[in-house]
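>>> please work out how this folds:
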Amino acid sequence: MPGVAVNASGMDTVDVAVVQAAPVVLDPDATTRKVCSLVGTAAGQGARLVLFPEAMIPAYPRGLAFGTVVGDRSPAGRRAFARYHEACILVPGPVTQAIGEAARENDCYVVVGVVERTARQGTLYCTMLYFGPDGSLLGLHRKLKPTAAERLIWGEGDGSTLTTVGTPFGTIGGLICWENLMPLARMAMYGKGVDVWLAPTADARDAWQATIRHIACEGRCFVLSANQFVTRAMMPADWEVPAGDDPVLCRGGSAIVDPLGRVIAGPLWDGEGILHARLDLREIAEARFDFDVTGHYARPDVFRLHVNESPARSVERGPSGEAVESPEV
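Predicted structure coming up:
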């Protein structure tokens, strides 16, 4: 595979890219075309793994209240939610087919944040999709715990989507935004042997940089973090605009970090762009020499984590539960 090298000494390398970009807000078709174009650009510069931000399609609903206060929801807010719901995507569906084709045409892995709706027109999920270089949808991860007001609009994923993907350059996997602050969620993913950690986010604070550097040190893995760059002018004219005067709603901060916590690309602020890095995968073993969080530095005789990876379904039908409903995965 182009962009993946193995020399005689066994030192593996892979070229990766983190895309910092804005969606065409509430236009999933136009945003999908933008994503596919950016996959081509990143792969054309050598990337074999391309990461996009959280909720890239159709948009992160930054600053929106959807007419909600404690104890009440407004009719206008319900209509705004229905509009957002309509812009979210089915998985699988036309959007996943298009992105998969872009991955296939460019012979690369693509990971992109979307907001997913189910066929029954109910709950939305903040989801991370994994595509392979053959164009297939390899798996997905639904955010386990939406943060703060995100809980008004997104449901909770379950342990069945703690997804990792094996690649020629190691195991990729990760968590979405503030899931990365959950120690037990991180430990569950470390236990799956993640070598390249993916952290799509909407957090543009300086403190986020400390989070991704800590994960790199703790997991002794490479960390790729992608955020959007969004301005007030990008919002639809007939859509609720977040309060305030700052023309920039999200300033970015995408970055790539090595297994000892050193930033090797970025952070990228105040504009769209693509960060590239060539990962020397031998650095993973070098870093785990003195700290392996689920290996020689663990104490399973003292601490153990139980992870429930069974789908959590609200309805089961039939004497043996063979037919199920809600949620659809």
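>>> grab the longest helix from the protein for me.
Ranked by residue count under DSSP state H, the longest helix found in the chain is helix 28-44.
>>> can you dump the C-alpha atoms of it in PDB for me?
Taking Å, rounded to 0.1, in the frame of the first residue of the first chain, the C-alpha atoms of helix 28-44 are listed here in PDB:
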ATOM      1  CA  PRO A  28     -25.300  16.900   4.000                       C
ATOM      2  CA  ASP A  29     -24.900  16.400   0.300                       C
ATOM      3  CA  ALA A  30     -22.700  19.500  -0.200                       C
ATOM      4  CA  THR A  31     -20.700  18.600   2.900                       C
ATOM      5  CA  THR A  32     -20.200  15.000   1.700                       C
ATOM      6  CA  ARG A  33     -18.800  16.400  -1.600                       C
ATOM      7  CA  LYS A  34     -16.400  18.600   0.400                       C
ATOM      8  CA  VAL A  35     -15.300  15.600   2.500                       C
ATOM      9  CA  CYS A  36     -14.700  13.400  -0.600                       C
ATOM     10  CA  SER A  37     -12.700  16.200  -2.200                       C
ATOM     11  CA  LEU A  38     -10.600  16.700   0.900                       C
ATOM     12  CA  VAL A  39     -10.000  12.900   1.100                       C
ATOM     13  CA  GLY A  40      -8.500  13.200  -2.500                       C
ATOM     14  CA  THR A  41      -6.400  16.200  -1.500                       C
ATOM     15  CA  ALA A  42      -5.000  14.500   1.600                       C
ATOM     16  CA  ALA A  43      -4.400  11.200  -0.100                       C
ATOM     17  CA  GLY A  44      -2.800  13.000  -3.000                       C
END
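>>> show me what that helix is packed against.
Packing contacts for helix 28-44, counted by 3 or more CB pairs under 8 Å, 6 or more residues apart in numbering; DSSP states H and E, involve strand 12-20, strand 49-51, helix 94-106, strand 273-280. Bear in mind the C-beta positions are built from the backbone N, C-alpha and C, glycine included.
>>> try it again with 10 Å
Contacting helix 28-44 under the criterion 3 or more CB pairs under 10 Å, 6 or more residues apart in numbering; DSSP states H and E are the following elements: strand 12-20, strand 49-51, helix 75-87, helix 94-106, strand 109-117, strand 273-280.
>>> identify whichever of these lies nearest to A207.
strand 12-20 (18.0 Å; CB to CB).
>>> next, the buried residues of the longest helix of the chain.
P28, T31, T32, K34, V35, C36, L38, V39, A42, A43 (16 or more other CB atoms under 10 Å).
>>> equivalent analysis for stretch 171-191, please.
171-181, 185-190.
>>> so which of the helices and strands packed on helix 28-44 comes closest to S160?
strand 109-117 (14.2 Å).
>>> from the contact counts, what lies against the following helix or strand past the closest one?
Remark: after strand 109-117, the chain's next helix or strand is strand 124-131, criterion DSSP states H and E. The contact analysis (3+ CB pairs under 10 Å, 6+ apart) places strand 124-131 against helix 75-87, helix 94-106, strand 109-117, strand 137-142, strand 164-167, strand 170-174.
>>> hey, which of the ones you listed is tucked in deepest?
strand 109-117 (a mean of 27; mean count of other CB atoms under 10 Å).
>>> just want the angle from that one to strand 124-131.
160 degrees (axes from the mean of the first three to the mean of the last three CA atoms, to 10 degrees).
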